[in-house]
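Q: structure for the following, please:
(one chain, ligands or ions: 1)
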Amino acid sequence: MSKGLFVLTCQDARIRRVVERYFDSLDSEPIRNILAGASMAILTPDTREAVLRGLRLALNHHGVEVVEIIDHTDCLAYGKIDGDEFAFHNERILEAAKILQQAFPVAVRGRLIDTQSGRIRTLLAVNRGFYKEQE
Ligand SMILES: [Zn+2]
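A: Alright, predicted model coming up:
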């Protein structure tokens with residue numbers, strides 16, 4: 001049985017089936033949060049509060065211990081990325097993970113969906129409380 005999972009994905013319809021297949025492969029039902037740009041929703045003050053509010057509820061009432069931020073290539077929220085999209089999203093998710101871990105003692109995983117192929121790549125895993133220690 002996997003630990004309670006909170007998943008933030010982009011709203012883009014092109015990744016819906018990939019995300020649903022991924023959820024079907026899990027052994028428990030994740031708490032889902034869907035906002036344009038996924039990691040961007042955490043990095044943007046306007047939408048950050050909505051993510052933190054949802055995550056707080058999930059932590060307090062649904063036994064969530066792990067957060068997954070799932071970005072995808074060719075994301076319209078980010079616009080055209082020059083260079084390595086993998087590295088770009090890795091940076092953004094790492095920044096987003098820092099913000100989440102300054103607010104809550106959660107582990108954070110980052111993933112990137114290749115919108116063309118539907119493949120999901122794991123970008124990073126940040127242990128619970130990693131950034132908390134640096135406060
Ligand atoms: Zn997107």
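Q: now the terminal residues of stretch 38-48, how far apart.
A: Taking Cα to Cα, to the nearest Å, stretch 38-48 runs 10 Å from one end to the other.
Q: now do stretch 25-43
A: Criterion Cα to Cα; first-to-last residue distance in stretch 25-43 is 29 Å.
Q: the helix or strand encompassing residue 21 near the ion at all?
A: Element membership of residue 21 [criterion: DSSP states H and E] is helix 16-25. No: Helix 16-25 lies out of reach of the ion by Cβ under 5 Å from the ion, never closer than 11.2 Å. Any C-beta I mention is one placed from the backbone N, CA and C, and that applies to glycine too.
Q: report all helices and strands that that helix contacts.
A: Contact analysis of helix 16-25 by 3 or more Cβ pairs under 8 Å, 6 or more residues apart in numbering; DSSP states H and E lists strand 4-9 as its packing neighbours.
Q: residue 23 against residue 16, yeah?
A: No: look at residue 23 against residue 16 with Cβ atoms under 8 Å: they stay out of range, at 10.6 Å.
Q: residues in contact with the helix holding residue 21?
A: With contacts defined as Cβ atoms under 8 Å, 6 or more residues apart in numbering, helix 16-25 is touched by 7, 9, 29-30, 32, 70, 113, 118, 120.
Q: which parts of this structure sit against the ion?
A: So the chain meets the ion at 10, 12, 75, 77 (Cβ under 5 Å from the ion).
Q: how far is stretch 79-92 from where the chain is centred?
A: Stretch 79-92 sits 15 Å away from the centroid of its parent chain (Cα atoms, centre = their mean, to the nearest Å).
Q: with stretch 15-26 instead?
A: In this view, stretch 15-26 has its centroid 14 Å away from the chain centroid, taken as Cα atoms, centre = their mean.
Q: what residues are up against residue 47?
A: Counted by Cβ under 8 Å, 6+ apart, residue 47 has contacts 35-36, 40-41.
Q: with that, I have no additional questions.
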